[in-house]
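Q: missing the sequence, but the structure's below:
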């Protein structure tokens, strides 16, 4: 999206690094996810702290 609106050219090293970081941390099974953990891990109930 950023190259399409003129934010950075598609061949800019910063753009490539951004895409590689997203692919490495947020993509699995061919889909880009919002969180780095699977949704079940984020939504799992956590024990209450008593102290």
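A: Here it is on my side, so go on. For clarity, every value in this text was computed on a predicted model and none was experimentally measured.
Q: for the rest of this, base every contact and every neighbour count on C-alpha atoms.
A: Will do.
Q: residue 7 and residue 24, how far apart?
A: Distance, residue 7 to residue 24, using Cα to Cα, to the nearest Å: 22 Å.
Q: that should have said residue 12, apologies.
A: 19 Å.
Q: try residue 8
A: Applying Cα to Cα to residue 8 and residue 24 gives a distance of 21 Å.
Q: all helices for this protein, in order.
A: Here the chain has its helices, by DSSP state H, at 13-26, 39-43.
Q: got CSV for the ones you listed, with mean pLDDT and distance to residue 33 too?
A: Below are the helices of the chain laid out as CSV (pLDDT from 0 to 100; distance: least, Cα to Cα, whole Å):
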stretch, mean pLDDT, distance to residue 33
helix 13-26, 91, 5
helix 39-43, 62, 9
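Q: burial count for residue 26?
A: 16 (other Cα atoms under 10 Å).
Q: my understanding was that it contacts residue 19; is that so?
A: No. Using Cα atoms under 8 Å, residue 26 is not in contact with residue 19, being 10.2 Å away.
Q: leaving out sequence neighbours, find the closest residue to residue 35.
A: Nearest residue to residue 35, sequence neighbours excluded (Cα to Cα, 6 or more residues apart in numbering): residue 26, at 6.5 Å.
Q: contact partners for that neighbour?
A: Taking Cα atoms under 8 Å, 6 or more residues apart in numbering, we find residue 26 in contact with 32-36.
Q: any of the residues you listed buried? List them.
A: Neighbour-count burial (16 or more other Cα atoms under 10 Å) is assigned, among those, to residue 33.
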